[in-house]
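**Q** Give me coordinates for this.
(one chain, ligands or ions: 2)
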Amino acid sequence: MKIVVVGAGSVGTLFGSILYEHGMDVTLVEIRNEIVEAIHKDGLKVTRGDSEKVFEIDITNNIIDVENPDLIIFAVKSYDNITAAYDCLKIIGPETIVLTLQNGIGNYETISNILGEKHTVIGTTTFGATQYAPGCTRGSETGEISIGEYKGGSSERIKNIAEILRSGGFTVNIVNDVNSLVWTKLAVNVGINAIGALCRISNGETHSIESASIIQKMAVEELMKVAKKKGIDLDYNSLYDHVVDVTITTSTNKCSMLQDVEKRNLTEIRAINGAIVDYGNSINIDTPINLVLTNLMIATETSYRK
Ligand SMILES: NC(=O)C1=CN([C@@H]2O[C@H](COP(=O)(O)OP(=O)(O)OC[C@H]3O[C@@H](n4cnc5c(N)ncnc54)[C@H](OP(=O)(O)O)[C@@H]3O)[C@@H](O)[C@H]2O)C=CC1
Ligand SMILES: CC(C)(CO)C(=O)C(=O)O
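**A** Numbering: from 1, shown residues only. Ligands and ions are numbered 1, 2, ... in the order given. As a prediction, this is how the structure comes out:
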C-alpha cells in the first residue's frame with residue numbers, strides 16, 4: 001500500500017508519523033523547503049503526551065516522485081485546495097483515492113471538481129496537531145477518523161480505505177451520513193475559530209467570557225438556520241451544546257485560526273464562517289454575525305499581508 005500525504009504541516013506530519021510507525025509505505029509531499037530540509041536533516045520529531053519520537057520518514061517537494069499511490073491524504077489548508085488538487089492530478093492512477101479530512105465546507109466539492117468523484121472521499125478527524133517548528137509537531141495522543149460516501153452510505157472503496165487506515169494505526173468509523181458529521185465539525189469551527197482568532201483567546205474563553213459566548217451562540221444559530229433550510233440532517237437540539245462541550249474539552253487550546261493569525265498566515269475563514277454567509281445568501285437567509293466575523297477576519301489578514 002503506497003500512501004502519500006500532501007501537505008507536511010501540522011496534521012500531515014502527525015498522520016504521516018502514525019502511518020510510518022505502523023509500517024506503512026508513506027511519503028510526505030511539501031512545498032515549504034524549510035520543512036523538507038529539516039525532515040531530511042533531522043527526521044520528523046513528533047511529541048504526543050509524554051512521548052517524543054523521531055521518524056526517518058520520506059519527504060519530497062516534487063509530487064512527481066510518488067506516482068500512482070493507493071491513497072492520498074489531502075492535508076493542505078482549504079485555500080490551497082485548487083493548486084494541491086492539480087498537483088495530485090499529476091500522480092493519480094486509475095484506482096487512487098484522495099481523502100480530505102479538512103475543516104470547513106466546500107473542500108470535497110473543490111477537490112472532486114478537479115479530480116473526479118471517483119477519486120475523492122471525505123471525512124472528518126478529531127485529531128489535533130501543531131507544527132511549532134519545521135519538522136517538529138505536537139499532536140493529540142488520541143483521535144479518530146470518520147469517513148463515508150459523500151452522497152450517503154458506505155461502499156467497497158470506503159471499506160478499503162478504512163482497512164488501509166486501520167492497518168496504519170488509526171481508529172476509523174464508517175458513517176452513514178458523512179455530511180452531517182462535516183456540518184457538526186463546521187458548527188464547532190464556526191463557534192470557536194473566528195472569535196478565538198479575533199479576540200486572541202483560548203477555545204475555553206470563547207465560551208467562558210460572556211460577551212464572546214453571546215456572539216458564539218448567535219453564529220451557531222445562524223449555521224443551524226442555513227443547515228435546516230439546506231436539509232442537512234443534524235441533531236439540532238444538541239448542536240450548540242456540542243460546540244460548548246468542545247470549548248470545554250479543548251479549553252486550553254489556541255484554535256487553528258488564532259495560530260494562523262499569530263504566524264501571519266492566511267486563515268480558513270472563507271471555508272468556515274464565510275461559507276455560512278455564502279450559503280445563506282444563496283438561499284435567502286441573513287447571517288449578519290457570520291458576515292461580521294468573516295469580514296473582521298479578512299481585515300485582520302489584510303492588515304498583516306499588505
Ligand atoms: N491542525 C489541526 O489540528 C487540524 C487541521 N485540520 C485541517 O487539516 C488541513 C491542514 O491543516 P494544518 O495541517 O493545520 O495546515 P498547515 O498549514 O500546518 O499545513 C499545510 C502545509 O501544506 C503546505 N502546502 C500548501 N500547498 C501545498 C501543495 N500544493 N503541496 C504540498 N504542500 C502544500 C503548506 O505550505 P504553505 O504554508 O507554504 O502554504 C503547509 O506547510 C486544514 O484544512 C485544517 O483545517 C483538521 C483537523 C485538525
Ligand atoms: C476543534 C478546534 C476548534 C480545536 O482547536 C479546531 O478544529 C481548530 O482549532 O480548528
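
**Q** pLDDT at the residue nearest to Cys255 when sequence neighbours are not counted, what is it?
**A** In space, and not counting its chain neighbours, Cys255 is closest to Gly196: 4.1 Å by Cβ to Cβ, 6 or more residues apart in numbering. Quick note: C-beta positions are derived from backbone N, CA and C, even for glycine. Gly196 is assigned 98 on the pLDDT scale.

**Q** give the contact list for Gly196.
**A** Listed by Cβ atoms under 8 Å, 6 or more residues apart in numbering, the contact set of Gly196 reads 202-203, 205-206, 254-255, 257-258.

**Q** which secondary structure element contains it?
**A** helix 178-199 (DSSP states H and E).

**Q** quick one: buried residues of that helix?
**A** Under the neighbour-count criterion of 16 or more other Cβ atoms under 10 Å, helix 178-199 has 178-198 buried.

**Q** and if you look at stretch 78-92?
**A** 78, 80-81, 84-85, 87-88, 91-92.

**Q** gap between the residue in the chain positioned nearest to ligand 1 and ligand 2?
**A** Of all residues in the chain, Gly9 sits closest to ligand 1, at 1.6 Å by Cβ to the nearest ligand atom. Separation of Gly9 from ligand 2 (Cβ to the nearest ligand atom, to the nearest Å): 13 Å.

**Q** which residue sits closest to that residue, ignoring its sequence neighbours?
**A** Nearest residue to Gly9 in three dimensions, chain neighbours excluded: Gln131, at 5.5 Å (Cβ to Cβ, 6+ apart).

**Q** which residues touch the one you found?
**A** 9-10, 13, 35, 137.

**Q** try 6 Å this time
**A** Listed by Cβ atoms under 6 Å, 6 or more residues apart in numbering, the contact set of Gln131 reads 9-10, 137.

**Q** Looking at those residues, which are in strands?
**A** Those of the contacts of Gln131 mapping onto strands are Thr137, per DSSP state E.

**Q** which bits of the chain sit near ligand 1?
**A** By Cβ under 6 Å from any ligand atom, the residues of the chain that approach ligand 1 are 6-7, 9-12, 29-32, 35, 75-78, 80, 83-84, 87, 101-103, 125, 127-129, 131, 256, 268.

**Q** Highest neighbour count among the contacts of Gln131?
**A** Scoring those on neighbours with other Cβ atoms under 10 Å, the highest-scoring entry is Thr137 at 24 neighbours.

**Q** Just to check, that one is in contact with Val46?
**A** Yes - using Cβ atoms under 6 Å, Thr137 is in contact with Val46, at 5.0 Å.

**Q** ok so, going back, which ones among the residues of the chain next to ligand 1 lie within helices?
**A** By the criterion of DSSP state H, membership of the residues of the chain next to ligand 1 in helices covers 10-12, 35, 83-84, 87, 256.
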